[in-house]
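In: missing the sequence, but the structure's below:
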Ligand SMILES: Nc1ncnc2c1ncn2[C@@H]1O[C@H](COP(=O)(O)OP(=O)(O)OP(=O)(O)O)[C@@H](O)[C@H]1O
Ligand SMILES: [Mg+2]
């Protein structure tokens, strides 16, 4: 325990509740969750469908702010941040791979992948596109740069989404089933890339149903019915 | 705002352009809707202005700032204006730039063997100006010809056509009062509107000879009417009053005479045109409203799509301002394109038609400005309101928006 305390925390959630209430009866998706992930740690989140994994990851990724409880991201209490304060954190420090990818349909995957770099506003346009191109090439999409997402297979879209999430070299990468749509060979390639990222010091939190993927993680968090069941393997 | 460099604004503009290009159909429909709305405003206002100008020109075409006096010939003891009256009016009415007394005699001439009634008007050279007569061919008679009582004559267009089949009657003569008159010109009304306000003594078969000539060769002694041209519209009432006073002082009963101007008709025209304008403004408002609702519909249809778009951009780290500026630019591009196209259609159509029919078409600058402003407002409003709402949303809600 003492060794862990010496490290700094990437994310710390305390007593987080999330209730969906937009339509119909309120659905309590997260019911008092505490999560601590150290910087540089590789964590897998597992759990049955509908247990609240994506909900949790959205909160960690600062795209869902409708929650109760406190959230500390890399030492800052982001649960009190305004939307303008959250934007640069999302942009530069977090990479997010959505379960549904969320690529802009009217843009090429190169344009899509360049967006986080462009919104960072600290590089020239050329730099942004060079980086985006490099990430896409690493994902094996070098010959598909000008294609629209709809012109790609599901697996290719997933790789484009991963490339986009890596463009700004985030401290924390959050991925919602990043290998869900891939065959085992491609899945392994993706995991190799993510593993390399981890070796270089990035914090990795990913949701997976795949036992093999979970085994490559240092730690597994089990979510069930909106609560954490840690240590249950 | 200091950090909004040109570079970044350019980048946002390129995002805006991507947004529009990504939805060509919607963009085109929006531009079209806006163009039609703008065009209809410009066209409707132009139609109103053409109508108004037409009515006013009809009245003014009879003779601008015209004042005329005549004996009514009614009553128990009718009186008419005489030569002495003309001299007094000529010398004692200030504020007139021309005076044209008219003597009127009816004779019979033979046209292709047929006897036809002919009106002979004797008047001064000022008549052409005061009554807005156009000399189609030749010239009007001069002061000198009038003073000398020379036997020169101008034919009405209708008579010239009947006698000479449209060919210029150069060197021809006309027999009147058993004398040979040299034909020096052919005339017609400046506008075809004098009849409309009952002031055309030159319709039909008519000739004009110098005032003094007719006085010499014919027994007619009563002045049919005296036309005077006031120097300006504001001088008209004073001229009317002065003429009335002079006639009253020289005759038994002023009630036997009428002194009039076209003011009453202009007042009427003004009333008609302002009623017309009000109707047109109402129509224009309706067409703008319809155009606006069309744009709103198109915008609303794609709100869900745009909301997801905004959600993705926010998730990737765009700030609220970045989104708003991008959408402001999108809406601005659409509005300016639509508005400009609308003005081209709305102004170009009437101008083209005007050129084709050789008619001056006034394009109201105000209508163009108003139409453009409204197009811009409608476009920005319906572009920005959904963008504002979406950028205020919780990002995952925007991502999942349906
Ligand atoms: N927008 C929403 N509105 C209402 N309920 C929601 C919404 N999103 C998720 N839920 C509910 O919250 C619960 C948790 O959903 P979540 O998406 O986090 O599950 P998950 O663990 O990611 O499942 P899966 O493995 O299928 O992706 C589910 O019961 C789901 O129905
Ligand atoms: Mg999920």
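Out: Structure received. Here the structure is a predicted model, which is why all the values come from computation and not from measurement. Ligands and ions are numbered 1, 2, ... in the order given.
In: Quick check: the residue sitting nearest the centre point of chain B vs ligand 1, distance?
Out: For chain B, residue B:53 is the residue whose C-alpha lies nearest the centre (CA atoms, centre = their mean; 1.8 Å). Computed with CB to the nearest ligand atom, to the nearest Å, the distance linking residue B:53 and ligand 1 is 63 Å. From N, CA and C alone the C-beta is placed, and that goes for glycine too.
In: Grab the nearest non-local neighbour of that residue.
Out: Spatial nearest neighbour of residue B:53, excluding adjacent residues (CB to CB, 6 or more residues apart in numbering or on different chains): residue B:362 at 6.2 Å.
In: need the strands for chain B, in chain order.
Out: Using DSSP state E, the strands found in chain B span residues B:66-71, B:96-111, B:114-123, B:133-138, B:152-156, B:173-176, B:179-189, B:206-210, B:225-230, B:257-261.
In: Make CSV from those strands and add mean neighbour count to it.
Out: Formatted as CSV, the strands of chain B follow (neighbours: other CB atoms under 10 Å in any protein chain shown):
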stretch, mean neighbour count
strand B:66-71, 23
strand B:96-111, 17
strand B:114-123, 18
strand B:133-138, 17
strand B:152-156, 25
strand B:173-176, 17
strand B:179-189, 19
strand B:206-210, 25
strand B:225-230, 24
strand B:257-261, 18
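In: neighbours of the residue in the stretch 201-350 of chain B that ligand 1 sits nearest to, just the number please.
Out: Of all residues in the stretch 201-350 of chain B, residue B:311 sits closest to ligand 1, with a separation of 12.3 Å (CB to the nearest ligand atom). Using other CB atoms under 10 Å in any protein chain shown, residue B:311 has 24 other residues around it.
In: does the residue nearest the centre of chain A belong to a helix or a strand, and which?
Out: With distances taken as CA atoms, centre = their mean, residue A:174 lies nearest the centre of chain A, 1.6 Å away. Using DSSP states H and E, the element containing residue A:174 is strand A:172-176.
In: ok so, going back, so the residue nearest to the centre of chain A makes contact with residue A:203?
Out: No. Using CB atoms under 8 Å, residue A:174 is not in contact with residue A:203; the gap is 9.0 Å.
In: Please tell me the pLDDT value assigned to the closest residue to residue A:97 other than its chain neighbours.
Out: Closest residue in space to residue A:97, ignoring its immediate chain neighbours: residue A:175 at 3.9 Å, by CB to CB, 6+ apart. Looking at residue A:175, its pLDDT stands at 96.
In: Distance check, residue A:175 against residue B:398.
Out: Per CB to CB, to the nearest Å, residue A:175 is found 20 Å from residue B:398.
In: which ones are touching the residue nearest to residue B:53?
Out: B:46, B:49, B:50, B:53 (CB atoms under 8 Å, 6 or more residues apart in numbering or on different chains).
In: For the residue nearest to the centre of chain A, give the beta-bridge partners.
Out: Residue A:174 forms beta bridges with residue A:96, residue A:205, as assigned by DSSP bridges.
In: Flag the shaky bits of chain A, pLDDT-wise.
Out: A:1-7, A:230-233 (pLDDT under 70).
In: Strands of that one, start to end?
Out: With DSSP E as the criterion, chain A has strands at A:9-20, A:27-38, A:42-46, A:68-73, A:76-77, A:94-97, A:172-176, A:203-207, A:219-224, A:227-228.
In: in chain B, which helix or strand is least confident?
Out: Here the helix or strand of chain B ranked lowest by mean pLDDT, DSSP states H and E is helix B:263-301, holding a mean of 75.
In: Kindly tell me how buried residue 20 is, as a neighbour count.
Out: I went with chain A, as the question did not name one. For residue A:20, using other CB under 10 Å, the count is 16.
In: right idea, wrong chain: chain B
Out: 21.
In: And the one 5 residues further on, by the same measure?
Out: Here the count is done by other CB under 10 Å, and residue B:25 has 9 residues near it.
In: Distance of it relative to ligand 2?
Out: 33 Å (CB to the ion, to the nearest Å).
In: Which residue is the nearest non-sequential neighbour of residue 111?
Out: I'll assume chain A. Residue A:111 sits nearest to residue B:18 (CB to CB, 6+ apart), 7.0 Å away.
In: right idea, wrong chain: chain B
Out: Spatial nearest neighbour of residue B:111, excluding adjacent residues (CB to CB, 6+ apart): residue B:162 at 5.4 Å.
In: Okay, the one you found and residue B:113: tell me how far apart.
Out: Residue B:162 sits 12 Å away from residue B:113, going by CB to CB.
In: Also residue B:181?
Out: 20 Å.
In: got a list of what residue 73 touches?
Out: This is for chain A. A:10, A:11, A:62, A:89, A:93, A:172.
In: hmm, I had chain B in mind actually
Out: residue B:80 are the contacts of residue B:73 under CB under 8 Å, 6+ apart.
In: hmm, try it at 10 Å
Out: Taking CB atoms under 10 Å, 6 or more residues apart in numbering or on different chains, we find residue B:73 in contact with B:79, B:80, B:222, B:256.
In: just residue A:40 next, same as before
Out: Neighbouring residues of residue A:40 by CB under 10 Å, 6+ apart: A:7-8, A:10, A:171-172, A:198-204, A:218.
In: can you pull out the helices in the stretch 1-150 of chain B?
Out: Along the stretch 1-150 of chain B, counting by DSSP state H, counting those that start in this stretch, helices occupy B:6-21, B:24-61, B:83-92, B:126-130, B:143-148.
In: can those helices go into a markdown table with extra columns for mean pLDDT?
Out: Shown next, in a markdown table, are the helices of the stretch 1-150 of chain B (pLDDT from 0 to 100):
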| stretch | mean pLDDT |
| --- | --- |
| helix B:6-21 | 89 |
| helix B:24-61 | 78 |
| helix B:83-92 | 90 |
| helix B:126-130 | 86 |
| helix B:143-148 | 93 |
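In: Can you say which of those is packed in most?
Out: Comparing the helices of the stretch 1-150 of chain B by mean neighbour count (mean count of other CB atoms under 10 Å in any protein chain shown), helix B:126-130 comes out on top with a mean of 22.
In: Show me what it is packed against.
Out: strand B:66-71, strand B:96-111, strand B:133-138, strand B:179-189, strand B:225-230 (3 or more CB pairs under 10 Å, 6 or more residues apart in numbering or on different chains; DSSP states H and E).
In: Does stretch A:67-81 reach ligand 1?
Out: No. Judged by CB under 6 Å from any ligand atom, stretch A:67-81 stays clear of ligand 1, getting no closer than 12.1 Å.
In: what does chain A put close to ligand 1?
Out: Neighbours of ligand 1 within chain A, by CB under 6 Å from any ligand atom: A:20, A:22, A:27, A:29, A:47, A:49-55, A:99.
In: Closest one to ligand 2 out of those residues, please.
Out: Using CB to the ion, residue A:54 is the member of the residues of chain A next to ligand 1 that sits closest to ligand 2, with 3.0 Å.
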